[in-house]
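Enquirer: Pasting a predicted model and its sequence here:
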Amino acid sequence: MNYKKFINAAIIFMVGLHLSAAIAQTGAIKIIVGYPPGATSDALTRVFADALSKRLNQAVVVENKPGAGGMLANQAVKAAPPDGTTLLMTPVATMSIFPHSYSGQIKYDPFKDFVPVAHLSNFQLGLGVATKVPATNLKEYVAWVKSDTQKNAFYGSAASGSLPHFFGVMFAKNAAIPLQHVPYRGTAASMQALASGEITALSTVAADIQTLVDGGRARLLAVAGEKRSPQFPNVPTFKEQGFDLVATPWYALFTTSGTPAATVDRLSRAAMEVIREPAVQQRLIDMGLEPTGYGPDRLNQIMKADYDKWGPPIRESGFKPD
């Protein structure tokens with residue numbers, strides 16, 4: 001009888017495990033995004049969540065958890081149960097940039113506390129100039145800066161410690177010009193400063209400057225991707241103009257470390273299929289994003305490469321968090 005009781009208990013235990021796994025697979029999935037409603041990351045997450053829900057035949061909800069530049073969302077996913085029901089949508093910044101710029105404050109390890117799920121899209125950085133700047137390409141801009149470094153060697157960005165800030169440091173070193181950074185309080189303020197001529201150059205997310213370019217209030221001299229931006233097909237890359245400079249920011253999906261490999265594989269395959277849907281691709285392109293759809297291994301390689309790439313310019317910038 002004891003033997004039979006043991007067998008029955010074992011069967012009940014195994015059934016319980018399978019039921020728990022089934023619940024984890026069929027219950028609602030939550031995607032946490034560390035930025036407020038209306039941000040590009042939020043819009044991307046909602047388009048992706050809707051398509052993922054239909055593909056998995058499973059509820060997918062979006063939770064905005066803004067704060068600390070996106071780091072609060074990372075902390076929430078780090079602490080979540082490792083069952084694949086809590087995902088993180090994040091840009092490159094929280095995973096490859098902040099470990100350098102906020103090394104004394106960051107409360108997670110991007111390489112140990114998370115499992116890569118899928119690389120979803122890239123987006124372009126660029127260098128824009130005010131219309132009063134007598135330059136239509138990078139070489140003319142560099143010559144203009146050198147003609148009067150006391151007056152012309154300034155560039156703005158949306159914030160100190162932002163990706164465009166550090167990209168400006170990379171460009172200054174590559175071009176051998178003494179650019180000085182002028183931080184603004186957000187994208188809108190930096191765009192207004194460029195349009196008014198308050199600042200002569202702006203390192204920025206290329207999509208953000210499109211309204212000014214279309215309205216003839218600014219010029220985009222270059223984009224930083226490997227290829228030209230679909231939004232600005234007539235704007236050459238930095239490499240095309242003779243500057244060995246490529247920076248490709250991205251958005252990607254992660255989950256909590258310890259999540260079973262089979263669960264990660266299921267989510268990864270579904271995510272890549274979603275990004276390859278023509279309707280989803282068009283929605284992302286309309287946002288100024290470049291759909292990718294890479295798997296966990298490639299995402300991990302990209303994250304590590306960017307961690308190595310951005311470390312030197314961050315240190316050279318002298319940036320210190322408040």
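Expert: It's in.
Enquirer: close enough to count as contact, residue 295 and residue 270?
Expert: No - counting by Cβ atoms under 8 Å, residue 270 is not a contact partner of residue 295; they are 11.7 Å apart. Where you see a C-beta, it was placed from the backbone N, CA and C, and this is true even at glycine.
Enquirer: Tell me which residue lies nearest the centroid of the chain.
Expert: Centroid check for the chain by Cα atoms, centre = their mean gives residue 91 as the closest residue, at 2.1 Å.
Enquirer: For that one, name its beta-bridge partners.
Expert: Beta-bridge pairing for residue 91 (DSSP bridges): residue 251.
Enquirer: where exactly do the helices run in the chain?
Expert: 2-26, 40-56, 71-78, 92, 98-101, 138-147, 149-152, 163-175, 187-196, 210-214, 261-275, 278-286, 296-317 (DSSP state H).
Enquirer: nearest to residue 33, of these?
Expert: Closest approach to residue 33 among the helices of the chain (Cβ to Cβ): helix 40-56, 4.6 Å.
Enquirer: ok, the residue lying closest to residue 160 once chain neighbours are set aside - contacts?
Expert: Distance criterion Cβ to Cβ, 6 or more residues apart in numbering; nearest residue to residue 160, sequence neighbours excluded, is residue 183 at 3.8 Å. Going by Cβ atoms under 8 Å, 6 or more residues apart in numbering, residue 183 touches 156-160, 162, 165.
Enquirer: Quick check: strands, which of the residues you listed are part of them?
Expert: 156-157 (DSSP state E).
Enquirer: how about JSON lines for the contacts of residue 183, with pLDDT added?
Expert: JSON lines is the format used below for the contacts of residue 183 (pLDDT from 0 to 100):
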{"residue": "156", "pLDDT": "97"}
{"residue": "157", "pLDDT": "95"}
{"residue": "158", "pLDDT": "91"}
{"residue": "159", "pLDDT": "90"}
{"residue": "160", "pLDDT": "92"}
{"residue": "162", "pLDDT": "92"}
{"residue": "165", "pLDDT": "96"}
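Enquirer: The contacts of residue 183 into CSV, with extra columns for neighbour count?
Expert: Below are the contacts of residue 183 laid out as CSV (neighbours: other Cβ atoms under 10 Å):
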residue, neighbour count
156, 25
157, 25
158, 22
159, 17
160, 18
162, 25
165, 23
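Enquirer: Name the nearest of the contacts of residue 183 relative to residue 132.
Expert: Among the contacts of residue 183, and counting by Cβ to Cβ, the member closest to residue 132 is residue 156, at 14.6 Å.
Enquirer: The closest one pairs with what?
Expert: With DSSP bridges as the rule, residue 156 is bridged to residue 182, residue 202.
Enquirer: Skipping adjacent residues, who's closest to residue 98 in space?
Expert: residue 106 (5.6 Å).
Enquirer: Now do the contacts for the one you found.
Expert: 71, 98-99.
Enquirer: Can you give me the distance of it to residue 227?
Expert: Residue 106 sits at a distance of 32 Å from residue 227 (criterion: Cβ to Cβ, to the nearest Å).
Enquirer: To residue 128, which of the helices of the chain lies closest?
Expert: Comparing the helices of the chain by Cβ to Cβ, helix 187-196 comes nearest, at 6.2 Å.
Enquirer: Would you mind pulling up the elements that that closest one packs against?
Expert: strand 125-130, strand 154-157, strand 201-205, helix 210-214 (3 or more Cβ pairs under 8 Å, 6 or more residues apart in numbering; DSSP states H and E).
Enquirer: can we see that at 10 Å?
Expert: strand 125-130, strand 154-157, strand 180-183, strand 201-205, helix 210-214, strand 218-223 (3 or more Cβ pairs under 10 Å, 6 or more residues apart in numbering; DSSP states H and E).
Enquirer: rewinding a little: select, out of the helices of the chain, the one closest to residue 204.
Expert: Of the helices of the chain, nearest to residue 204 by Cβ to Cβ is helix 163-175, at 5.3 Å.
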